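# kindly generate the corresponding structure for this input.
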Amino acid sequence: MPNAMLATAADAGNADGSDLLDTNERLIYFSSSSGNTHRFVEKLGLPATRLPLAGQQVRAGSPFVLVVPTYGADGKGHVPPKVVRFLNDPANRARLTGVIGAGNTNFHDTYGVAADIIAAKCGVPVLYKFELMGTPEDVTRVREGLEELWRRQSKS
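Next up, the predicted model:
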């Protein structure tokens, strides 16, 4: 997939020069510097906006699905702080329609728990979980599931 389909804070900004990136992408994701979640989203071949590691904040202008990794196996800090800040914006939280979780099954009970935490706090479903960068089957299932979700949303 061409990288041009993935928007980041470094690629765009507001015309007024503010430190806020407005996006209407239906897929928003966070990926650490390890890049596992980023590589998974690239394989989907769908337009997406990446939450930056630092700096500029993102504001969702339309309903979206969030793809989020889980960090830490110590029972604390499972949701990345940048994702917490993003969802603390009431406009972003109101537009969240579902969560897809990335994780590592080596962490057993905490596998993909960031998605579970966000879903519970925001009242949205966990749509899927995948391990690390996902398998080809994960990519196909997520792509098809998102396309079906968006078809249903466009009809309502």
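# what is the longest strand along the chain packed up against?
Scanning the chain for the longest strand, with DSSP state E as the assignment, gives strand 96-103. When contacts are defined as 3 or more CB pairs under 8 Å, 6 or more residues apart in numbering; DSSP states H and E, strand 96-103 sits against helix 36-44, strand 64-69, helix 113-122, strand 126-131, helix 136-155. For every residue, glycine as well, the C-beta is placed using N, CA and C.
# show the subsequent helix or strand relative to the first one.
Spelled out, it's helix 36-44. Where DSSP states H and E defines the elements, the next helix or strand beyond helix 36-44 is strand 48-51.
# contacting residues for Gly112?
Contacts for Gly112 (CB atoms under 8 Å, 6 or more residues apart in numbering) come out as Thr70, Gly101, Ala102, Gly103, Val126, Lys129.
# run the last query once more with 7 Å
Residues near Gly112 by CB atoms under 7 Å, 6 or more residues apart in numbering: Thr70, Gly101, Ala102, Gly103, Lys129.
# what do you get for Ile100?
Counting by CB under 7 Å, 6+ apart, the residues that Ile100 touches are Val65, Val67, Ala115, Leu127, Tyr128, Val142.
# right, and the first one touches Glu25 too?
Right, the one you point to is Val65. No. The pair Val65 and Glu25 does not pass the contact test of CB atoms under 7 Å, sitting 9.7 Å apart.
# of those two, which one has the most company?
Legend: neighbour count by other CB atoms under 10 Å for Val65 and Glu25, higher for Val65 (25 against 20).
# in JSON lines: the helices and strands packed on strand 96-103, plus distance to Ala94.
Below are the helices and strands packed on strand 96-103 laid out as JSON lines (distance: least, CB to CB, whole Å):
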{"stretch": "helix 36-44", "distance to Ala94": "23"}
{"stretch": "strand 64-69", "distance to Ala94": "11"}
{"stretch": "helix 113-122", "distance to Ala94": "9"}
{"stretch": "strand 126-131", "distance to Ala94": "18"}
{"stretch": "helix 136-155", "distance to Ala94": "15"}
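# and the ones you listed, which is most packed in?
strand 64-69 (a mean of 26; mean count of other CB atoms under 10 Å).
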